[in-house]
Each structure stands twice: as structure tokens, then as C-alpha cells.
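1. sharing a sequence plus its predicted fold:
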Protein chains: 2
Amino acid sequence: MNAEIIAVGSELLLGQIINSNAKFLSEQLAEVGVNVYFHTVVGDNPDRLKEAIETAESRAQLIVFTGGLGPTKDDLTKETIARHLGTSLEKDEDALLYIKDYFKRAQREMTPNNEKQALVLKGAKVLKNEQGMAPGMFYAQSSINYMLLPGPPSEMIPMYKNYGRPAIERALGRKETIASRVLRFFGIGEAELETELMDLIEAQSNPTVAPLASDGEVTIRLTAKHESRESAEKLLDQSEEEILKRVRPYFYGYDDTTLMEETSKALKEKNLTIACAESLTGGMFEAQLTSISGAGGILKGGIVCYSPEVKKKLLDVSRNTIAIHGTVSKPCAEELAENVREKFDSDIGISFTGAAGPGPHEGKDEGTIWIGIARKDRETKTYLLNLAGTRNGNRARTVKYGCHFLLKELKNEQE
Amino acid sequence: MNAEIIAVGSELLLGQIINSNAKFLSEQLAEVGVNVYFHTVVGDNPDRLKEAIETAESRAQLIVFTGGLGPTKDDLTKETIARHLGTSLEKDEDALLYIKDYFKRAQREMTPNNEKQALVLKGAKVLKNEQGMAPGMFYAQSSINYMLLPGPPSEMIPMYKNYGRPAIERALGRKETIASRVLRFFGIGEAELETELMDLIEAQSNPTVAPLASDGEVTIRLTAKHESRESAEKLLDQSEEEILKRVRPYFYGYDDTTLMEETSKALKEKNLTIACAESLTGGMFEAQLTSISGAGGILKGGIVCYSPEVKKKLLDVSRNTIAIHGTVSKPCAEELAENVREKFDSDIGISFTGAAGPGPHEGKDEGTIWIGIARKDRETKTYLLNLAGTRNGNRARTVKYGCHFLLKELKNEQE
């Protein structure tokens, strides 16, 4: 079964809102093994909507509509579909009762145009709207399935999960299970990763192997089909093992996790505290770490040391280091990491100092960045980065590298 | 001229990423008066892409493609278009030089598949990519215009603004000028603003008046058409004046500016320095301030004081204050702001302390947040917020309020 998602709404074509429904539904349909080959967005215009429906009918067996089920004159999805399919709309009494009750609960007067929301395609299975008023529909004609969902994600998502997905699964009569898994990598480019895994990518069938790059990270999505969940997961395990044999040093986690989440988890597990000296990152590392609930147990605190004076005065970087090596240097990164660790009495101290750009800083090229990691009674480590992005791209990348090196540090210790 | 936007990428159809490019481009095209009637998303498949192109050609005179210009085997947008239009691809020497230089700066080995990125449609106007490697293109054939843009928004947006939009304006040969202006507000809800301006919104024609809310801010987009740029701008001026007469206290800037950018500008203009004590915001205020180039002259630095001990030890908050009032209190916000100002020897000290959530903190309800602003030889001011968002929503909103109160402080001083 191939699917097409048609979002109806002029506000999408004006760029006033983003089509997040298509993302959600695509993910959901991939999970049940339905291929989505096209998304279409069309405005509140019956002729163009009809055109979009006809195009979709020529290439899909499931057409999922979002939007255009509301009470106003603009809302014309079900009217257009009914006319196109030569069927009629009829009042759904349950939906009408629910709408009336909705107004009563909200203590608002029900205007007559709201009754229109209770009209459904004759013979359609009604999908209940538990978060709003307009019901959804699932309707089949000439071996094509039409699913109509409301536009607001807060209504669409629960409706799809509770009633839409089961309706699709019934229509599929599927025995097969689909399982998928995302592997996340950092510190390796997409082209390099692809080169390492070329034979696996070319030979892929089940599971499929799909690399994707974004924000300096690369992910690989593995998707397997099999009779049982268990055997599909086993296929994923085998494929993952084969991949990690080659590129394990860059692997950091699964699915929706982030480098910072993994860092936070690793620190928590080892019961280690951290303090930070942030120059070019200006607090970004700590802001990200504290965006995860429970950071109180990990982060002692930190100093944003944007100026050389603060580095000297509040973080005791020696006058000599700054005079001889400058602030963008290995010795400065070392002293910052060591001194912030001592000042905050934490297990780990991490420092970031460098030239974010635009332009060079203290004679060092933009993108030249040092990271320091200090531990009690161990040798302090430093890492040099040469980044080629924009100012803020470089800063964000620096924070990711900080997590990457911290994770390595904590993993090595285990082995 | 009608336009269609075609996004190319299987990752969109799998729901791995959202089509934010279509939103941006739709907004931009509306601004130059081009109607967008359809968005289409298609995967990395040459046959289906060809089908999408043919459908678009039947109903649009401008087809804007995003994605599929990269180095990997999946990237096939320009190849498919070239084959479909019966033209060829040729190496663009400038683009190739730029790509080679990009790898050199990043000190990475250039793999051969990266050369493919320098291929462009023969006869196309090349659109420079200043943030990445793959160049864009503008190409006309049989009175249809094809614009090819890269997929990553960080590359696509500046390319469109600097080279894409001018190319479209040239192609339009438009006599009428369209001018638009966005007014930005903070501290007032959308419904409240709409009520204040209802008569203006209802009577709108030229300029049009479109309010929109997002992330706790409200914007009003004014769009005017007239023969000359000058007269269109004059229409905008009149409309702006009328609006600000009513809601000026909430107005903070124009177009794409942010509260932090305006704060940074105001501090720079007055030649004032700042230091920050960040508890619940965990460095977010400083990270945002330093995301703007030139922060070195404004931000002395700051302390992330996530724990009560750091507040006492590094920021000298009195034992009494913490014992009696707790850290989520007016006195704590006062002492933090005053002491961080003194410690970093800055003109202004700002502090953030509160319960971000989830759940209460020290017996204070989640969303209870204090902001302190200290100045030399003046009385320290404090502000209490009661926010109702998620943990990270509350933290982001707190940073915005910090800017809002700082801007008020600096403006009042002027008057």
C-alpha cells in the first residue's frame, strides 16, 4: 500500500504555519510499513483540491487528508471529496451531540455553522475527535482508502493514534511486523561514513540502511520487516553489529537521543559532577546541560569568561600564559579546565576557548578552538578543533565536540 | 506568476525532518507577490521526481526545488532536471574552487564524490552558496523558471535572500513595488493586541495588517503595494504610527530582530557592560548574548550558579537570605544581581533565579521566577514572573523577559 498525504489550508501556502502533520504522519506510516511517496499541500480552493485528489488517486491506495474539516466557509475538504466521489454528506448524531456538549462545557454559545462539523461522508467510518469538535473519517471506494483528519496537531495526533492507525492496520490485514532503529554518529562526515559502509548500503534489502546528515551529525536508519517483532529486531541487531564493527568510535546513541543527553546520562551513571569555563561558547554548554531535567546533581556551575581579564581574575589563568600563548591556546584551555574544577570543587572541569569568528582572534584563524578536560589526580587533556562554519555554527559544533570528548573519556575509563 | 515548491528528499517522506523550507519560501514568495498554489514533497527517486516536475510544469511558471544537490548518490535533483529538460550539466569552476577551499579550511580530505557538487545546469545562473558547498541555480526554459536550492536551511535561506529573490524579481520585471515590515511585540497576548487594533485589522486593505503569535511574542506584518518604493514605505509609516499610538510599550523592533539583538544594540549604544548570575537559565542568557558578534565589548562574563552552594560561595548570597527566603526569592535575586555586578566590575548586573519545573522548587510553584537588575549607585530592581509553560519553555521565556526589562530600563533612562 502506497500513501500520499494531502494537507489542505491556504495558511500553509502563505507560510504562516509549517506542515508538521506531514512529518508526524510520515513517521507513523513508515512504522506500519506504508510507503509514502508524495506530500502535497493545497489551499482552500475546491478546484485545486480536486486536482490534487485526482493526481493522488493515480499513484496511491491510501490518501490521508489533514485540515479543512472546521466550521468556516474555507473548510471544504469533505465537501470536495463527496462531490468528487459522487457520494453525499450526512449528519452523524454522535458527533453532533459531542459538539453541543463541547460548547456547553466551554460555556460558549454554539453558532449554527458549527453543526456543519458533524457532517460526514455517507458510509464512512467516523474517527472520534477527543480533543476538538470535527470528527475524522475513513472511507473506501474503488480500492482506494481516504482518511480525513483535522488540521490542528493537538486534535489530529490523538485521533490518528487511537482510531486512524488501527483503521489502516485493519485495511492492511498485515501479518508482517516492521521495526526500525536509528544509529547516531558524531565526528565523521556523511561521505566518509558512506564510503566505509558502501557495500552494506548497496546490498541493502532487509533491513534497509539509510544514512542522513544534519548539524554535523550523521544518522543511519535501519528498517526491518519480518513475521514477528522479535525476528525483525534480530535482523536489526545483526545489521547494527556489522555497521559498528567498522565505525564504532563515532557511534554515540539510538533514535532521538542527543550528545548532551548521553553526556548527562553518563555523568549521572558514574556519579560525577562537572564545572565549566566557557569563553567562545558563552554559556551554551551549560544552558544545554541544564535543559535536561535533573541537571542539579551533575552541574556544579560555571564561569562565562568571555574576556581575558575574567580568565585572569576569576579563573586564575597565569599572566604568562596569556602574554606568551594567548587565550586561544593549549595552556589556556588546560588552566581554565583545571582551575574551574578546583573553584567549584567538581570531579571534572571542562573549558572552551577559541576564535568563533567572524575573522581571526588574537592572530589565530577563525575556527581554531581548544577544549580542555581536567580530572582530579589525572593528566589534563586538551583537544584542538579547526572548524569551517559560521560563528554560531562553530559554537554549536564546539559544544557537541565537548560532549563527544567527555563521552570518550568516560567510556575509556570503563574499559 | 504562480509558483510551486518541490522539496526533494526521502528523509521528508520518512518523517525524519520537517519541511521548514516550504514555509520560509512561501512567506518570501508571498512578499514579492508570487502566488504559491502547491507544495510537493518527493523522495530521492528520479521517476517520481520527474512526475512531480511534469505536474508542476502544467500549473506553475516558477518551480522552486529544495534539496538533492549534495555529494551522495541519493542527491539527484539537478541530474533529473537536466535529463528531463534535455540539457547537460557542466562544471562550474568557481564553485569547484570554493569546495576545494572549504575542505582545505576544515583540514579534511576531499573525497571525489564532492566534485559532483560543482556541476550546474548548462546556461543556468549560478546562485552562490556562502554557507556550504553545493551552489544553487536559476534556469529558464519555455517560459518556465526553475530555481534549485540546497536542502539545509542554513544554506538555503541566505542563498535565497541574497541571490534567489533578486533573480525572481528580475524575472518578474514588476512595475509595482511591494514593501513589507514586521513590527515585533513582547509582553502582550495576541488576543489582547487584536482587540486593541480590531478596527484597523478589519478596515485593512493597503497596507494589509496581519498579526501572528509565536514563542510568546506577537508580530504584525504590514504589506503595502504602490508604484514606488517610497510611496509604499510611506503607507507603511502611516500604518505603523497608528498602531504604535496604541501599543507602543510592548513594541521592541522590526522584521527579523530579536529581543536579545535589541538588548545588545542598546547596551552598545550606551556603552554599558553587563555581568550575569544565571540559576534556572543555566547560561542561556549569556549564550544568546554571545551568539551576536561583538559581544566582547558588552559582556564581562557571568556565573552559572545552579546550586545554592555556588550562590553562597561564588556569589556571596548571605546565608540568612537562603535560610529565610530561599533561592527563589526577591532578596536572592537582588543579591545575585548586585554581587555579580561587583565581582565582574560591570555597569549592570542581571540575575535569574526560580523554579523552572517540572514540579515545585523549595516549596515555590513551578514557573515562579525572579529577575534582578542592579546598577551602580541606583536602586536594584526585581521582577516576579509566574509562567505556565514547560521547563524549557519557562527558561526561554525568562531570558526574553530579562531582555524586555533591560530594554525598559535603558529606554526610561533616555526619557
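-> Structure's in. What do you need? The structure displayed is predicted, hence computed values, not measured ones.
2. just checking, which helix or strand of chain A averages the lowest pLDDT?
-> Confidence across the helices and strands of chain A bottoms out at strand A:208-214, with a mean of 84, counting by mean pLDDT, DSSP states H and E.
3. any idea which helix or strand comes after that one?
-> Note on strand A:208-214: by DSSP states H and E, the next helix or strand toward the C-terminus is strand A:217-226.
4. how about the spatially closest residue to A:Asn21 that is not a sequence neighbour, what does it touch?
-> Leaving aside its chain neighbours, A:Asn21 sits nearest to A:Thr66 (4.4 Å; criterion: C-beta to C-beta, 6 or more residues apart in numbering or on different chains). Every residue, glycine included, has its C-beta placed from N, CA and C. A:Thr66 makes contact with A:5-8, A:21-22, A:25, A:149-151, A:156 under the criterion C-beta atoms under 8 Å, 6 or more residues apart in numbering or on different chains.
5. export those as JSON lines, with columns for pLDDT, neighbour count and secondary structure.
-> Shown next, in JSON lines, are the contacts of A:Thr66 (pLDDT from 0 to 100; neighbours: other C-beta atoms under 10 Å in any protein chain shown; DSSP: H, G, I helix; E, B strand; the rest coil):
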{"residue": "A:Ile5", "pLDDT": "98", "neighbour count": "30", "secondary structure": "strand"}
{"residue": "A:Ile6", "pLDDT": "98", "neighbour count": "25", "secondary structure": "strand"}
{"residue": "A:Ala7", "pLDDT": "98", "neighbour count": "25", "secondary structure": "strand"}
{"residue": "A:Val8", "pLDDT": "96", "neighbour count": "26", "secondary structure": "strand"}
{"residue": "A:Asn21", "pLDDT": "97", "neighbour count": "27", "secondary structure": "helix"}
{"residue": "A:Ala22", "pLDDT": "98", "neighbour count": "27", "secondary structure": "helix"}
{"residue": "A:Leu25", "pLDDT": "98", "neighbour count": "27", "secondary structure": "helix"}
{"residue": "A:Leu149", "pLDDT": "98", "neighbour count": "31", "secondary structure": "strand"}
{"residue": "A:Pro150", "pLDDT": "95", "neighbour count": "28", "secondary structure": "coil"}
{"residue": "A:Gly151", "pLDDT": "93", "neighbour count": "23", "secondary structure": "coil"}
{"residue": "A:Met156", "pLDDT": "95", "neighbour count": "25", "secondary structure": "helix"}
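6. looking at the residues you listed, which is nearest B:Gly189?
-> Of all the contacts of A:Thr66, A:Gly151 has the smallest distance to B:Gly189: 22.3 Å, by C-beta to C-beta.
7. quick check: that closest one touching A:Gly9?
-> Yes. Using C-beta atoms under 8 Å, A:Gly151 is in contact with A:Gly9, at 6.0 Å.
8. which residues do the two both contact?
-> Going by C-beta under 8 Å, 6+ apart, residues that sit against A:Gly151 and also against A:Gly9 are A:67-68.
9. hmm, back to that, and the residue nearest to A:Asn21, how far from chain B?
-> Plainly put, A:Thr66 is 13 Å away from chain B if you go by C-beta to the nearest C-beta, to the nearest Å.
10. pLDDT at the closest residue to A:Leu62 other than its chain neighbours, what is it?
-> Take A:Leu62 and drop its neighbours on the chain: the residue closest to it by C-beta to C-beta, 6+ apart is A:Ala3, 4.1 Å away. At A:Ala3, the model reports a pLDDT of 97.
11. same question, A:Glu415
-> A:Glu415 is given a pLDDT of 49.
12. and A:Arg221, by the same measure?
-> Reported pLDDT for A:Arg221: 88.
13. re earlier: could you give the bridge partners of the residue nearest to A:Asn21?
-> Partner residues in beta bridges with A:Thr66, using DSSP bridges, are A:Ala7, A:Leu149.
14. name the residues of the stretch 151-300 of chain A found near chain B, please.
-> Contact residues (C-beta under 8 Å from any C-beta of the partner chain) of the stretch 151-300 of chain A with chain B: A:189-192, A:194-195, A:210-212, A:214, A:219, A:221, A:276, A:278, A:280-287, A:289-291, A:293, A:295-296, A:299-300.
15. now, which of those residues lie within strands?
-> Here DSSP state E is the test, and those give A:210-212, A:214, A:219, A:221, A:276, A:278, A:299-300 as lying in strands.
16. who wins for neighbours among those residues?
-> Using other C-beta atoms under 10 Å in any protein chain shown as the neighbour criterion, A:Glu278 leads those with 33 neighbours.
17. from A:Thr390, how far off is it?
-> Shown here: A:Glu278 relative to A:Thr390, a distance of 19 Å by C-beta to C-beta, to the nearest Å.
18. also A:Leu384?
-> Counting by C-beta to C-beta - A:Leu384 and A:Thr390 are separated by 20 Å.
19. isn't A:Gly123 right up against A:Tyr146?
-> No. Counting by C-beta under 8 Å, A:Gly123 does not reach A:Tyr146; the two are 11.3 Å apart.
20. quick one, what contacts A:Phe185?
-> A:193, A:217-220, A:247, A:250-252.
21. cutoff 7 Å now
-> A:193, A:217-218, A:247, A:250-252 (C-beta atoms under 7 Å, 6 or more residues apart in numbering or on different chains).
22. coming back round to it: more neighbours: which of A:Leu384 and A:Thr390?
-> Applying other C-beta under 10 Å to A:Leu384 and A:Thr390 shows that A:Thr390 carries more neighbours, namely 19 against 13.
23. can you tell me the closest non-neighbouring residue to that one?
-> Nearest one to A:Thr390, counting by C-beta to C-beta, 6+ apart, is B:Gln131 at 6.4 Å.
24. same question, A:Asp44
-> Excluding the flanking residues, the one nearest A:Asp44 by C-beta to C-beta, 6+ apart is A:Asp74, at 4.3 Å.
25. what is the neighbour count of A:Ala60?
-> Using other C-beta under 10 Å, A:Ala60 is surrounded by 22 other residues.
26. pretty sure it sits against A:Glu4.
-> Yes. A:Ala60 is within contact range of A:Glu4, at 4.0 Å (criterion: C-beta atoms under 7 Å).
27. and chain A, what are its domain boundaries?
-> Domain segmentation of chain A under automatic domain parsing yields A:2-172, A:177-254, A:259-414.
28. and the closest residue to A:Glu362 other than its chain neighbours, what element?
-> Nearest residue to A:Glu362 in three dimensions, chain neighbours excluded: A:Gly326, at 4.3 Å (C-beta to C-beta, 6+ apart). Here A:Gly326 is covered by no helix or strand, with elements defined by DSSP H and E.
29. repeat for the one 10 residues further on
-> Applying DSSP H and E as the criterion places A:Leu336 in helix A:330-344.
30. what comes up buried for that helix?
-> Residues of helix A:330-344 classed as buried: A:330-341, A:343-344 (neighbour count, 16 or more other C-beta atoms under 10 Å in any protein chain shown).
31. which residues touch it?
-> With C-beta under 7 Å, 6+ apart as the test, helix A:330-344 has contacts from A:275-277, A:300-303, A:311, A:315-318, A:321-322, A:325, A:348-351, A:353, A:370-374, A:380, A:382, B:310.
32. could you give the average pLDDT over it?
-> When pLDDT is averaged along helix A:330-344, the result is 98.
33. same question for stretch A:170-179.
-> Stretch A:170-179 shows a mean pLDDT of 80.
34. which outside residues touch it?
-> For stretch A:170-179, contacts defined as C-beta under 7 Å, 6+ apart pick out A:1, A:31-33, A:145, A:223-229, A:232-233, A:236.
35. the residue nearest to A:Asp44 and A:Asn113, how far apart?
-> A:Asp74 sits 11 Å away from A:Asn113, taking C-beta to C-beta as the criterion.
36. please identify which of the two sits among more neighbours.
-> More crowded of A:Asp74 and A:Asn113, by other C-beta under 10 Å: A:Asp74, with 15 against 12.
37. surely the more buried one touches A:Pro46?
-> No. A:Asp74 is beyond contact range of A:Pro46, at 10.8 Å (criterion: C-beta under 7 Å).
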